[in-house]
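Asker: Quick one: sequence and predicted model below, then my questions.
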Amino acid sequence: MENGAVYSPTTEDNPGPARGARSGLAAYFSLGRLRLHRRLLKVLQLLLSLLAFICEEVVSQCTLCGGLYFFEFVSCSAFLLSLLILIVYCTPVYDRVDAVKVKSSDFYITLGTGCVFLLASIIFVSTHDRTPAETAATVFGFLASFMFLCDFASMVWEKRQESQMRKPEATRRTEATEPLNA
């Protein structure tokens, strides 16, 4: 066999547009779909839920373990859900799915996660053995739940602003279509 039949050349004639400053994974990663405050809240949700999960995993023994297990499940789920939402917003996946559905999913996931995380933190505070790892886990849990709820409040405020921007348009149209002598 000849070398040409088995091996192809190692250099490319035309490297294409994906080469350069933004190549590889960086070419697929974009933070522009979220405003700065929402981006910051999403990253804080991710980090705080991860820290709560790690601190909870350090706990070696417990007296009343139900609260610990519930907190473990909720903190891990919150981390994974916030990671999923952040990945959807920052990758081309966002372009492939309906933006309204992504925002709606984000709205309800953020509300549900924030409420359940707050509940899990309250239950864990009332049942833990007051070790430093458990205290740190509950602090991170409360902070993460507040970040989720602040993000939800931010989305409610943005929806309200959008509806107020559209509302004057609707009233102008009805006023313009009504007769002047009516």
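Answerer: Thanks, I have the structure now. These figures come from a predicted structure and were not determined experimentally.

Asker: what about the closest residue to Leu68 other than its chain neighbours, how many neighbours?
Answerer: Once flanking residues are discounted, Leu68 sits nearest to Cys62: 4.9 Å by C-beta to C-beta, 6 or more residues apart in numbering. Quick note: C-beta positions are derived from backbone N, CA and C, even for glycine. A total of 16 residues lie near Cys62 under the criterion other C-beta atoms under 10 Å.

Asker: Against Phe70, how distant is Cys62?
Answerer: Computed as C-beta to C-beta, to the nearest Å, the Cys62 to Phe70 distance reads 12 Å.

Asker: residues in contact with stretch 101-120?
Answerer: Outside stretch 101-120, the residues that touch it by C-beta atoms under 8 Å, 6 or more residues apart in numbering are 49, 67, 70-71, 73-75, 77-78, 81-82, 85, 88-89, 94, 141-142, 144-149, 151-152, 155.

Asker: In the chain, where is pLDDT below threshold?
Answerer: In the predicted model, the chain carries pLDDT under 70 at residues 1-27, 168-180, 182.

Asker: ok, which stretches of it are helices?
Answerer: Using DSSP state H, the helices assigned to the chain run over residues 3-6, 36-58, 65-90, 93-96, 99-127, 132-177.

Asker: how about those in a markdown table, adding distance to Tyr28 and mean neighbour count?
Answerer: Listed next are the helices of the chain as a markdown table, based on distance: least, C-beta to C-beta, whole Å; neighbours: other C-beta atoms under 10 Å:
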| stretch | distance to Tyr28 | mean neighbour count |
| --- | --- | --- |
| helix 3-6 | 33 | 7 |
| helix 36-58 | 17 | 19 |
| helix 65-90 | 9 | 19 |
| helix 93-96 | 9 | 11 |
| helix 99-127 | 17 | 17 |
| helix 132-177 | 24 | 15 |
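
Asker: need the contact list for Ala136.
Answerer: Neighbouring residues of Ala136 by C-beta under 8 Å, 6+ apart: 51, 55.

Asker: do you know how far it is from Ser60?
Answerer: According to C-beta to C-beta, Ala136 stands 14 Å off from Ser60.

Asker: Next: Thr113.
Answerer: In this view, Thr113 and Ser60 are 27 Å apart by C-beta to C-beta.

Asker: Equivalent analysis for Ser77, please.
Answerer: 23 Å.

Asker: Check Val88 too.
Answerer: Distance of Val88 to Ser60, given as C-beta to C-beta: 36 Å.

Asker: Nearest spatial neighbour of Gly114, chain-adjacent residues omitted?
Answerer: Nearest residue to Gly114 in three dimensions, chain neighbours excluded: Phe148, at 3.1 Å (C-beta to C-beta, 6+ apart).
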